[in-house]
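S.K.: just need the structure, nothing else, for what follows:
(2 chains)
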Amino acid sequence: MRLRVFFWLAVAIILAVVIFPILWIYLASFKTHADIYALGVMKVFVFSPTLANYEELFTGTTFFLEIRNTAIIAVASTALVMVVSLPAAYGFARWNTGGGMLLFTTISTRMFPPAVAAIPFFFAFKALGLLDTHIGLTLLYLYFNMSFATFLLFGFFREIPRELEDAAMVDGYGRFVIFRKIIFPLVGPGAAITAVFCLVWAWNEFFFASIFTRITARVISPALPIWVGAGKINWGPMMAAVGLSILPTLVAAWFMQRYIVRGLTFGAVKG
Amino acid sequence: MTVHIDEAETGVVQFQRRRTFWEVMTSEKYFKWTLAIPLLLVLAIFMFYPMFYCLYHSFQESLIAQPSFFIGWENYRAALHDPLLWNALGNTFHILVMCIAAELVIGMAIALLFNREFRGQNSMRGLILLPLLVSPLAMSLTWSLLLQLDAGLVNQILVAIGIPKVHWFSKDFGIYSVALITIWQWFPFSVFVLLAGLKSLPRDTFEAAKVDGASSWYTFRRLTLPMLLPLMMIIILLRVMWLIRLYDPIYGTMKYTTEAETLDLFINRIAFSYFDIGLGSTLALLSLFITIIISAILFRYLMKALGAIK
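M.R.: Here you go, the predicted model:
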């Protein structure tokens, strides 16, 4: 009995530690500046809610433009990643294209210092007029997510038995038809999981976004710290922006819970 | 493949239909390379071009709006003699060790706690996994509110229970706060990787140990830990991979404090605040060198776990 009490107490503490900071975002977004700075632990929950922060966010900034830009760039880059990664991962899983070296090169780009790509592309994009455009950031996110997607899909493709293809070969189907009609539907769920991960990472990405977008194509992540001014931080609207911008990723995390471990370990651990 | 002549053998001239481009591309021999074409293109543009660009500029004195010129190994010498580089490397390493150690210990403890059937375990799992996919920048901004000196909730609680306030984002304490934020966001990862490992352990071995009268600590140390070692290795390597690139949490909480800089913050300051492209490229390449070694080890472990190599 005491063990059970201890168990549920531990669970409650863990849950509180995890959930409270997220809950805090939404609490703070409904508080006035004075309430945020109010002293006394009880003041955390006892305050008169206000919508002023959201009003300031919606009327005073380009929040909706930024959300729209983020969505466009995340979706476009994820689509491109799929075009590149699906066939490549299939090739790696079936024929070990390039004898492991190519797959290693691909995965190692995930660990590349972002500056290695950011420095040359900043000047290349400047010359091509791609700075602060949707296309520019989409291309960078293609690079950013491609290695991860290829490796994760590689794991999914490996689970499809080779016999299926052999049978189709015997029936006289060509390689491309087999890929399109037999392999692709089977890897569909895996591809969907991979795509959601790419979407989330494109949504959250900050470093490239802060360098390669300024006004017209600015995405949401570089727009969050703008409330940090010299000497004064405007917490209310910032928490409103943070709260709204993380909503899609919270939803994704909730629905992807069975696959998060698998995705984050590049398919190595099936949670 | 063009006209195929087999005159010598058969004495007849055989004409084979010229294969279309599409047929060649999807033939058994070339299809695997056809599949890799988009990937190879992306790699050529986004990997090899930047690498050569950085390599070239690392030997140049290259500041923005000035003609660049060759200076040999001068950038490398300057980089390695820069105390701020060693400070940044030290901070990165420091945070890395703290985070991984804490995440493994916390993760193991909670995984052992959760390794049973209990009511509401699925919703629990969902709630605890939430931080993993949330933007680290957004969370670090939230934490900088929670860890504020006077009005921050954490300090208020500390004061209420009689502990003096902590200067969370001071020069010296900053990296610990950053580590704390990062641990908060990532401990669920270790929990659920290790939990997946615990659930897949062979049951009879543990029953046999119980029958033999082994204590639970002995079982844990001699059976559970060694069996989970490959998974812990994967956690460590993946975390190294992410932590070595740590950028957002520090930017979100203390971007103006060079004392708490990590490797990437330092490189980006040189390259994009000072626009010293030569030195920036050099630093990026040095950082690349470190990460390639780590990714080679990580790659072997991942392939082993996927069963792709023995």
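
S.K.: mind listing the strands for the stretch 51-200 of chain B?
M.R.: B:60-61, B:69-70 (DSSP state E, counting those that start in this stretch).

S.K.: secondary structure element for residue 252?
M.R.: No chain was given, so I picked chain A. Assigned by DSSP states H and E, A:Ala252 belongs to helix A:235-255.

S.K.: could you do chain B instead?
M.R.: helix B:248-254.

S.K.: thinking again about what came up before, of all the strands of the stretch 51-200 of chain B, which one is nearest B:Ala296?
M.R.: Nearest to B:Ala296 among the strands of the stretch 51-200 of chain B is strand B:60-61 (29.0 Å), distances taken as CB to CB. Bear in mind the C-beta positions are built from the backbone N, C-alpha and C, glycine included.

S.K.: that closest one: how far from the chain's middle?
M.R.: 31 Å (CA atoms, centre = their mean, to the nearest Å).

S.K.: contacts for stretch B:254-268?
M.R.: The contact list for stretch B:254-268 (CB atoms under 8 Å, 6 or more residues apart in numbering or on different chains) reads A:113-115, A:118, A:207, A:211, A:225, B:84-85, B:87-89, B:91-92, B:95, B:169, B:171-172, B:174-175, B:178, B:244-247, B:250-251, B:269, B:280, B:283-284, B:287.

S.K.: just the helices from the stretch 51-200 of chain A, written as ranges.
M.R.: A:52-60, A:63-95, A:101-108, A:114-128, A:134-158, A:162-170, A:175-178, A:184-204 (DSSP state H, counting those that start in this stretch).

S.K.: name the helices or strands packed onto the fourth one?
M.R.: What that stands for is helix A:114-128. Secondary-structure packing of helix A:114-128 (3 or more CB pairs under 8 Å, 6 or more residues apart in numbering or on different chains; DSSP states H and E): helix A:134-158, helix A:207-212, helix B:49-57, helix B:263-272, helix B:277-305.

S.K.: now with 6 Å?
M.R.: Here helix A:114-128 touches helix B:49-57, helix B:263-272, helix B:277-305, going by 3 or more CB pairs under 6 Å, 6 or more residues apart in numbering or on different chains; DSSP states H and E.

S.K.: of all the ones you listed, which lies closest to A:Gly188?
M.R.: Proximity to A:Gly188 (CB to CB) singles out helix B:277-305 among these, at 23.2 Å.

S.K.: mind listing what's buried along that closest one?
M.R.: For helix B:277-305, the neighbour count (16 or more other CB atoms under 10 Å in any protein chain shown) marks B:277-288, B:291, B:295, B:298-299, B:301-303, B:305 as buried.

S.K.: same question for stretch B:222-229.
M.R.: By 16+ other CB under 10 Å, the buried positions in stretch B:222-229 come out as B:Leu223, B:Thr224, B:Met227, B:Leu228.

S.K.: report how many residues lie close to the closest residue in space to B:Glu103 that isn't next to it in sequence.
M.R.: For B:Glu103, ignoring the flanking residues on the chain, the nearest one in space by CB to CB, 6 or more residues apart in numbering or on different chains is B:Ser190 at 4.6 Å. Neighbourhood size, B:Ser190 [other CB atoms under 10 Å in any protein chain shown]: 27.

S.K.: return the residues in contact with B:Ala209.
M.R.: With contact taken as CB atoms under 6 Å, 6 or more residues apart in numbering or on different chains, B:Ala209 is in contact with B:Thr219.
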